[in-house]
Structure formats: structure tokens, C-alpha cells
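1. dropping a prediction and its sequence here:
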Protein chains: 2
Amino acid sequence: MSYKTDIEIAREANKKPIQEIGAMLGIPSDDLLPFGHDKAKVSADFIAAQKDRPDGRLILVTAINPTPAGEGKTTTTVGLGDALNRIGRKTAICIREASLGPCFGMKGGAAGGGYAQVVPMEEMNLHFTGDFHAITSAHNLLSAMIDNHIYWGNELGIDERRVAWRRVMDMNDRALRQTVVSLGGVANGFPREGGFDITVASEVMAILCLATDLADLQKRLGDIIVAYRRDRSPIYARDIKADGAMTVLLQQAMQPNLVQTLENNPAFVHGGPFANIAHGCNSVIATTTALKLADYVVTEAGFGADLGAEKFMNIKCRKAGLAPDCVVLVATVRAMKMNGGVAKSDLGVENVQAVVAGCPNLGRHISNLKTFGVPVVVAINHFVTDTEAEIQAVKDYVTSQGSEAILSRHWELGGEGAEDLAHRVARIADSGVSQFAPLYRDDMGLFEKIEAIAKRIYRADEVLADKKIRDQLRQWEEAGYGHLPVCMAKTQYSFSTDPNLRGAPTGHSVPVREVRLSAGAGFVVVICGEIMTMPGLPQVPAAESIGLNETGQIEGLF
Amino acid sequence: MSYKTDIEIAREANKKPIQEIGAMLGIPSDDLLPFGHDKAKVSADFIAAQKDRPDGRLILVTAINPTPAGEGKTTTTVGLGDALNRIGRKTAICIREASLGPCFGMKGGAAGGGYAQVVPMEEMNLHFTGDFHAITSAHNLLSAMIDNHIYWGNELGIDERRVAWRRVMDMNDRALRQTVVSLGGVANGFPREGGFDITVASEVMAILCLATDLADLQKRLGDIIVAYRRDRSPIYARDIKADGAMTVLLQQAMQPNLVQTLENNPAFVHGGPFANIAHGCNSVIATTTALKLADYVVTEAGFGADLGAEKFMNIKCRKAGLAPDCVVLVATVRAMKMNGGVAKSDLGVENVQAVVAGCPNLGRHISNLKTFGVPVVVAINHFVTDTEAEIQAVKDYVTSQGSEAILSRHWELGGEGAEDLAHRVARIADSGVSQFAPLYRDDMGLFEKIEAIAKRIYRADEVLADKKIRDQLRQWEEAGYGHLPVCMAKTQYSFSTDPNLRGAPTGHSVPVREVRLSAGAGFVVVICGEIMTMPGLPQVPAAESIGLNETGQIEGLF
């Protein structure tokens, strides 16, 4: 039996004009700014006019710790959204935009897979509506203005050794990680060390994704700490007078993008912050807009539930006043087997014992999610190699944890394959049983917040941090940043900081290597391990085989 | 008497939906890829389908050497286009896109001025349809792939000291002019010197503007010389296998952008290569498309006629098989006075003698243009301070040179003010008197081509170039590049290489400092003087006062 590839399916999509998709949500054509015939931005004026409408139900899709076997979190988000629409519930999905740079390294990310995809796939992996380019421009304008300020006399007293604001590019380019700039003599400024991150790692990206409107956006941009003086006092983007121009560059990018699923249901695709040094969810403005326009909104968060869902709850929901009505935890039989010790090459062989051995990873995520007061449904994202016995083993395990697992065949069948899941999710979301609360209070100390996550989510025994880090956290508390949430940056492959430690480890320690203040985004980044903010290209980059074929179609991108 | 500012006039524009503008040229809605309601790209398929249609008349607008008094070349292009439409001639204009970076330095460039403008003004000065961002991405992907190739073993034998391909950013950022990259140890590559140019200076920009279709685009991208080996043999972008992926990144950008004038006439705004190290005209694809769809096409070239028109004729027309039917040479009374020695502050005072003294600059441009076999009309772009006697002095002078000068009031009155000019231009264009031929033949030597321009256009006595430069030119001839045209990079303010030498100097020398091969674009750049390829920001950048006002309008950009 052979299956079509994602791109083959996407190219066969019977897309509707984007105005028809907008009309499903009551958005008039004039309030849709089209980008081609199948993409549009929803106008800020229209969004502002919806503010008194009631909100729909919010459903978060998250997953177990990722394994090389794949989980299909976005695929499930899309499939569930289509299925809810099929069973008569007016539903929109909200997912992140893809980063352009990495597509030229490894083969690019589709938005979903199989018959549960968002289209147009090629454009979503390339320039899309230009949001990331706008973020790159806004970020680098601030960089240029900092060096320009130093060049023209440095009235603010920036310590050139303590410029905290790097530059960004939406490209995998390891050569730019660490640089020296302003070489070449007097006309080019004062030489100093610098470097580039990939655009999705920009604090501007995190800010765009957390801002509630343009005024909030500008306020947050102004709050960015760009450098320090010799006395260690901070200098803000507002002091450099860059916040207004940055807001202008981002005005259009702040408007959420509307596209469609293969089944012609509305999908908001907006924002894409890193899930390690940032919070890893689509924009607040997209989610809140979708909640005004649809009765159900299905969204997702990056990585596994220990990172993605935790940040969704503790950062995005806290900041935006959101509360999920139901959480869908995606698992696969294959991933359970890998957690149970099976090698990737042996995943095709039935192994119920390994499935059972791997289930504690799933169990811990269920338990963790419940500590947020939200009801959890497990979606078993079906793979064609799964056996009945393996599936039953997962179901039995989940039942033993006081939750329910539902097999979902959206990859193969589209929304039709996820109807069971949709019925269950809708019932829970409508029931009002969710009693969401974040894990920690604003007024707890920053170190206590780190401990709360490490002990209650990662189930570590302790957090290790030297005096320098503890002093830094105390200093920020004294400077008025103590109320901020923390944004954990650790490996996504394990509850621990060791990527090879699968399953549900206990007794481990969480070493904090570094802390960073993202004052504009409004969180303290806690780095536990190596975090790469500028990827490199592999030995044979995907770019080498990307090109147009004779009919003008893109080959090699997927 | 007070006048409205350009931005006030632009904001009062009564724009038509872009589909209606497209319909004026016979472009069906389905072949317009909309960007918002007032911008669209014309589909490649539609363009390809027009290839057997007859071409309209091509009118080039050029100018005297620019002075701080301003000439209004774009304003005249727009006004003439509107006037031709008013007198019943189906006309489209073709101009360049604006660069984003410089708008944050000095107040941004409108597209035209007064009542002769192209809209939407703000967006055209910001992200527009994303073409320049696409060029930045394509350029920097190649950069990343070069360093990646070196990192993974350098199979091609790139001499790291001889990497010719820099990086680009659409930002005025002097700190990036000269850098060291790949610092930080083994994982980041081999440290080497590098630097950034502004995006409009990228060879990719020149290539996009000269390519006739996607296949030609990819061929030219592959031809780019990115580095040399120790034996000085060149390495091409094709060797790095970057040409396919770059083409994919540029696929959408290759489609020309359609917008409208204040009088709702079609305007193609596409491409924007530097007018010094590149050829400084809008894209070939926009011009050739406009010629298929309109009976008259009015376009312009950068700087004065000595640089812009020369390159338009010798590079763009030669490469694209175009031939102008009429040239409009824009002059102002004020600029004549400045050429006649009057300071900018004294331009408001009548001074017929100074006007007469300045006219030889105009006269030489007329004479130069005639050497290309094209008929010339002088447009006197009216300023409110001009006196009758001053205007008459210019007219009399032009008559004495065997040409005709027509006063044009499009800035104040829109197309109505340029009707006299339009009647005259249409008559000449229709007459078939033009017998266009480039200044030099393909098979002349590269140095002879430089001499032809220096002696016949700049009216210099000699070209100065040391042995190293002459040897380099000979080497390129031996390598098969001798048939290329030359692209002169010298000051735009004078016929000579001394920017302070106004009027019509003779007896001067043209020193060639450096020559560069743009093998993809297909020309040899001849640098005569300082050429800045990465501008800096001024002490008080415009960005500091750019922001959104309470109604969401952009302030401070103009």
C-alpha cells in the first residue's frame, strides 16, 4: 500500500478564495488584507471592534516528549479542528508560522501532515506574508541605532562591552554566531564583539506574540534592555528612541494571518517564537481574535508538555488572561515504544511490552497537566503500523491514570478520522469543568518559580544555581522584575536536562547555567543546558536540491 | 499661499481597487496576486502568455546632473504618464522600488511629489510586496552556503581570503561595513574578514532587474562569482549549488508589482538596483510587460543622464532588446541657477543671467542623448518661484540646441499640468524618428568601452588606469567576459569625477580606481571615486521621530 506525500496532497488541495474562509468567521472582505488569493491578514480595526463579543472555548494541543518517531502535534491540531467543524462546531485553529532559514538546512516543515494540513504549504515555509522579515527589520533597526548612537558621541554612556542586543537573520548561518563589527577605521565606528541569532530567537518575535495591540507592542518594544552602562544600569530601546519606528515596521505584521485547512476551515497562522529562549506559541492577538470569531479554538504549543504547555499556561495564558477549557495530549504508539527502549529501526515490529514500558512518560504529562486544573484527553495519533494490541495497551494505561485515550486517524482520513476525538473534546470543553490556574503566583520569588517548575513538572529533586545567578535574580527582583514569569530553556527530549533520559525520570537535578532578562517580552529566561540561537547548515543542505521544476513548482523543499 | 505636503496629498488619494487598475491593462483578476487592496503582482503565467503581442512606445525620463535644488524626475514620469492617459493614450509608468533602510536615516522618499505621485506611499517606502526582503534572503542564503561549504571540508578549494560575496541587509548600518565572522571556535567555522552591503547594492538585485524570466534568473544567479581559489580561478554560485534555492526564494519577487497614480492610472513599481555599482533602472520584466499591455510606457533611470540614461541605453536596452522612442530630459530653473553658481539659499530670487550660465549642463545632456539616436524633449519642471523671464531663457537655450523645452506643471496640477508635454512626446514617439543604437559595440575591448563613455559622454580627455586594472580587464576578456557592457560608478553631481565641478566641464581625466566583475548581472563595474555600498545613519536619524499617531497613521516617515 502506498501513500501520497504531504506535498502531493497539499498540491491537490481544493482551496477556496480566502474571502470565503473569512466569511465563515464573519470577517467582511474589506477587513481582509489579501496576500494572493489564499492568504490574508485580518485588519486591526476589525479586531478592535470585536472586543465586547464573548469568547469561544480554548483547546490546547500538546504532546509527550518528542522522539525521532514523531508525534504529530500540528497534524492533530489540524485534524481536530476539521473534525470539530465536521460535527457542526464552528472552529478555528491557531498555529505558528514557520521559519524560513531552517528550510534550507533540513527538508522543510509542512503545516500538519497527510490529510490534516494547512495550505498554501510552500508559501507558509517561505516568505508567507512577510511577518518574519518585518521582525528582522525592526530588530536590526534597533541594532543599527545602538551602534549609531555610540558612533555619534554615546550620550547615553553605553558600555560597548555590554551591548546586550545582537542582530538577527532568518537564515541558518553559523558564521554569524560570533563576529567583530565596526572594523575598518574611524568612519565605521568603534570595533566591538557582536553576533547574530536566527529571527525566531529575537525578543521582538516574543514581544509581537505577547502584545495585545499596537500600543502594547510599542510599550514592550520600548522596555527592551539593549545595553548597560559601566555602572551596570540598563539602557532601554526607548532611550535609543527606536520604539516608534520599530512599531511602524511591525504594524502590518501585528495583524494575524488567515489561511485554510485542506477541508477549507479557517486557520490562523501567526508568530513563531523559539520554544526554548521564548515561549513557543502562536501570537496572543491571533488566539484572542479567533476566540471572538469561533466557538472553538484549537491551538498548540512547542515541544512536549513539560516545556510547551507549561509556558503556554504560565506565560501566554497568564499574560493574556486566557484559560484552556480542555487539553489534548498527543501520543503515538511508536513514541511509547521508543520511550520503552526500542530503536527507531525496530518500530515496525509489534512490541506491547515496550509500549507499556514507555507509558510512564505519558502518565507524567497527564498528571502534570492536571496540576493546572485542566481536563486532559489523550489523542493516539494513528500510524499505519500500529497494532490493535499496542493501541489497547496505551488506552488501558491512560484509563489507569484517570484519563481517556482516543484513537485518531486524521492523518489518513482528515477530519473524519478525528470525529471521536472531536466529540469527546467538545463535550469536555462545554462542560465547564476546567478550573485553570497557573502553577505559581506572580508574587513568588524568581528562584522559587524556577523551583516550582523543576520540582512539580520536571520532578527534579533540586535546582542547582551558583551565587552569581542567584544574585542576578535577586537584583532583578529589586529592580522591579520579580513579578515576571520564568521561561525555561532546556532540552525538549527529556523531563530532565539530559536529552538521553527518556521515560519519567526522578531524582535528577536541574542546573541553571545562565539567566537572561527579556524585559520587553516580560519574562526571565532560565537556561539549563546548551541553547543554540543560530543554527548551522548540514554538510549537504536541503538548499542544494531545492529548485523550480519545468512547471514552476518548487521541488526539494519538502 | 500654502501647499499641501506630499503625504497629505497622498492620504487624500481616492484609490481604486487594484483589480480595476489591472483591468485597464486587460489583466484578469485571477492573474493579479493582491497584496492588500491597492497593490498586486502580475502573474508570471499571464506575462508569458503576452509574448506575441506588439510592443507599445517606450519613453525614457532622465535629467540633468542632480543638484540640491531637486529636479523631479519621478514626479515628471508620473505627471507625464497621467497626462498621456488624459489625452487618450493608454499609458503605464515603470519606476523603481524604494529601499527601506535609508528611510530611517533621512526622511523617506515619496514616489513622485505634489499631485504627481504613486500610491500607497507609506507601504512603498516600507515592506511593499516584500521583494527586497526576498532579495536579502536569496543573497544571504548564498553567503551562508559558502561558509558552510568551507566549514564542511571546502571541497571546492575556496581561498577564504578571496571570498568575493559579502552579505546584505536593507538597513543603514555602518557597523556592518567591515566585520570578522566565524569567530568563537571550531563549531563556528574559519574566521575571516567579511562585511555587509545594503540590499539594493546586491548583485542579486541587479540580476532580478535584468532577468527576462525565471530560467534566465536562475542561469544568471548560477553565473555569480562568489570566490576564487588560490590559483585565482573563479568559483560560481552554481558550484555551491545555491542557484536553485535562490530562484525559489525570488520566484514571487520576479513578478512585477502594479499600483496606481493619484489619477488612478497604472504604475509598475519593480526592482531598485543602485545607480552606481549597478544600472539603476526598474526591472526588465516590468518594462517589457508594460510594453505588451499599454500603448505608451514612461520609465526613468537613476541620477542624471550621464549615468542613468547612459546605463539605460548601454546596459538595459542592449540586454533586453529595448529601444526608446523618445527621451524626456527634466530640468528646472532652480537647478540651472545652481549650475550657474547661485547658492541654494538664493534660488528664490530671479536671476536670468545665472540661468543662462547654467544651461550648458543641460545642453551637453541633450547632445549626449542625441548620440544614441533618440529624439529629446526638455521638460521644465515648474516651481512656483520660477519667473517668466527665467523660463523663457531655458526655452531659448534649448531651441538654440536644436531641441524643444516645454513647461510642465504636473506637481501643482497633476496630469492636466503636463498635457502640452504629453502631446509633444506622443507625437515624437509615434513619428518613428528614433534610431536608437548603443554607444559602443559588444565586441569592443572593455577599456575601449570605458573610454567611449568617458570621452563621448563625460567629455574627458583621458581615462587613467594603472597596469593592474588594465591587466585585470584583459584577463576578463581572455576568460570570455569581453563582450559585457561596462557599468560606470562615479559621482552623479558632475560630468567629471569631481562632485563640485558643475556645468559642462572639459579637459578633465577619469581615474579608474577599481574594476569588479558582476558575472551574473552581466557587466563590469568601473569604479571612479568613492562608492559607498553601506550607508550610515545621521546623528539624528529620522527613525527617532517615526511612529504611529493615535489614528494609526505613520508620522515622521516623510
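-> Perfect, I can see it now.

2. got the contact list for the nearest residue to A:Phe312 once chain neighbours are set aside?
-> Spatial nearest neighbour of A:Phe312, excluding adjacent residues (CB to CB, 6 or more residues apart in numbering or on different chains): A:Ala301 at 4.0 Å. From N, CA and C alone the C-beta is placed, and that goes for glycine too. By CB atoms under 8 Å, 6 or more residues apart in numbering or on different chains, the residues touching A:Ala301 are A:60-62, A:275, A:280-281, A:308-309, A:311-312, A:316.

3. not counting sequence-adjacent ones, nearest residue to the closest residue to chain B within the stretch 301-450 of chain A?
-> Closest to chain B within the stretch 301-450 of chain A is A:Ala320: 21.7 Å, counting by CB to the nearest CB. Using CB to CB, 6+ apart and skipping residues adjacent in sequence, the residue nearest A:Ala320 is A:Val284, 4.3 Å away.

4. quick one, what contacts the closest residue to A:Val433 other than its chain neighbours?
-> Nearest residue to A:Val433 in three dimensions, chain neighbours excluded: A:Pro375, at 5.4 Å (CB to CB, 6+ apart). A:Pro375 sits next to A:325-327, A:428, A:431, A:433-434 when contact means CB under 8 Å, 6+ apart.

5. per-residue pLDDT, A:Pro375?
-> Note for A:Pro375: predicted pLDDT of 97.

6. so the nearest residue to A:Lys344 once chain neighbours are set aside, which of the three states?
-> Among residues not flanking A:Lys344 along the chain, A:Pro68 sits closest, at 5.2 Å (CB to CB, 6+ apart). Under DSSP: H, G, I helix; E, B strand; the rest coil, A:Pro68 falls in the coil class.

7. A:Pro68 against A:Lys337, yeah?
-> No: using CB atoms under 8 Å, A:Pro68 is not in contact with A:Lys337, being 11.5 Å away.

8. tally up the residues packed near the residue nearest to A:Ala320, please.
-> Applying other CB atoms under 10 Å in any protein chain shown, we find 24 residues neighbouring A:Val284.

9. that one touches A:Cys317, doesn't it?
-> No: using CB under 8 Å, A:Val284 is not in contact with A:Cys317; the gap is 9.6 Å.

10. near the residue of the stretch 451-558 of chain A found nearest chain B, how many other residues are there?
-> Per CB to the nearest CB, A:Gly547 is where the stretch 451-558 of chain A lies closest to chain B, at 2.8 Å. Counted with other CB under 10 Å, residues neighbouring A:Gly547 total 19.

11. try A:His37
-> For A:His37, the neighbour count with other CB under 10 Å is 17.

12. likewise A:Gln472?
-> By other CB under 10 Å, 17 other residues sit near A:Gln472.

13. try A:Lys344
-> A:Lys344 has 12 neighbours, counted by other CB under 10 Å.

14. can you check A:Thr371 too?
-> Using other CB under 10 Å: A:Thr371 sits among 12 other residues.

15. so who does it touch?
-> Going by CB under 8 Å, 6+ apart, A:Thr371 touches A:439, A:456-457.

16. hmm, try it at 6 Å
-> Not one residue lies near A:Thr371 by CB atoms under 6 Å, 6 or more residues apart in numbering or on different chains.

17. phi, psi of it?
-> Main-chain torsions, A:Thr371, degrees, to the nearest 10: phi -70, psi -20.

18. roughly how far does it sit from A:Ile457?
-> 8 Å (CB to CB, to the nearest Å).

19. one more: A:Asp45?
-> Remark: distance between A:Asp45 and A:Ile457 (CB to CB) = 40 Å.

20. between those two, which one's more packed in?
-> Neighbour totals were compared for A:Asp45 and A:Ile457, and A:Ile457 leads with 24 against 11 (other CB under 10 Å).

21. what segments of the stretch 451-558 of chain A are strands?
-> Along the stretch 451-558 of chain A, counting by DSSP state E, counting those that start in this stretch, strands occupy A:462-464, A:486-489, A:509-511, A:514-518, A:523-527, A:547-548, A:554-555.

22. same question for the second one, mean pLDDT?
-> What that stands for is strand A:486-489. Averaged over strand A:486-489, pLDDT sits at 97.

23. out of the contacts of A:Pro375, list just those in strands.
-> Assigned to strands by DSSP state E, the following of the contacts of A:Pro375 qualify: A:326-327.

24. of the contacts of A:Pro375, just the buried ones, ChimeraX syntax please.
-> A single ChimeraX command suffices to select whichever of the contacts of A:Pro375 are buried according to 16 or more other CB atoms under 10 Å in any protein chain shown:
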select /A:325,326,327,428,434
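
25. from the contacts of A:Pro375, which two are the most distant?
-> Pairwise distances among those were taken by CB to CB; the largest, 13.6 Å, belongs to A:Val327 and A:Ser431.

26. where does A:Arg89 land in three-state SS?
-> coil.

27. now it: how far from chain B?
-> As for A:Arg89, its distance to chain B is 31 Å (criterion: CB to the nearest CB, to the nearest Å).

28. now that residue, nearest residue through space, not along the chain?
-> A:Tyr296 (5.1 Å).

29. hmm, back to that, now for the residue nearest to A:Lys344, how many residues are close by?
-> Using other CB under 10 Å: A:Pro68 sits among 11 other residues.

30. wait, it touches A:Ser345, no?
-> No: with contact defined as CB atoms under 6 Å, A:Pro68 does not reach A:Ser345; the gap is 10.4 Å.

31. and the longest helix seen in chain A, is it in reach of chain B?
-> The residue-count maximum for a helix in chain A (DSSP state H) belongs to helix A:131-151. Yes: contact between helix A:131-151 and chain B, assessed by CB under 6 Å from any CB of the partner chain, occurs at A:133, A:140-141, A:144, A:147-148.

32. ok, those residues vs B:Ala23, which is closest?
-> Proximity of those to B:Ala23, judged by CB to CB, is greatest for A:His133, which lies at 30.3 Å.

33. now the residue sitting furthest away from the middle of chain A: phi and psi?
-> In chain A, A:Val186 marks the outermost C-alpha relative to the chain mean, sitting 42.7 Å out by CA atoms, centre = their mean. Main-chain torsions, A:Val186, degrees, to the nearest 10: phi -50, psi -40.

34. what's the pLDDT at it?
-> At A:Val186, the pLDDT value in this model is 96.

35. one more: A:Met1?
-> Value listed for A:Met1 in the pLDDT field: 52.

36. same thing with A:Gly271?
-> Reading off the model, A:Gly271 has pLDDT 97.

37. report the contact partners of it.
-> Residues near A:Gly271 by CB under 6 Å, 6+ apart: A:208-209, A:282-283.

38. let's see 7 Å
-> A:Gly271 is in contact with A:96-97, A:205, A:208-209, A:282-283, A:286, counting by CB atoms under 7 Å, 6 or more residues apart in numbering or on different chains.

39. what do you get for A:Ala294?
-> Applying CB under 7 Å, 6+ apart, we find A:Ala294 in contact with A:25, A:56, A:90-92.

40. closest to chain B out of those residues?
-> Distance to chain B across these (CB to the nearest CB) is lowest for A:Leu25, with 19.0 Å.

41. what is the end-to-end distance of stretch A:347-355?
-> Start and end residues of stretch A:347-355 are separated by 10 Å (CA to CA, to the nearest Å).

42. identify the residues contacting that stretch?
-> For stretch A:347-355, contacts defined as CB under 7 Å, 6+ apart pick out A:69, A:333-334, A:336-337, A:340-342, A:385, A:387, A:389-390, A:393-394.

43. with stretch A:549-558 instead?
-> Residues contacting stretch A:549-558 (CB under 7 Å, 6+ apart): A:6-7, A:103, A:107-108, A:110, A:122, A:125, A:542, A:545-548, B:44, B:214, B:248.

44. buried stuff in stretch A:270-277?
-> A:270-277.

45. same check on stretch A:550-558?
-> A:554, A:556-558.

46. end-to-end on it?
-> Terminal-residue distance, stretch A:550-558 (CA to CA): 17 Å.

47. ok, stretch A:7-17 next?
-> So stretch A:7-17: terminal residues 20 Å apart, CA to CA.
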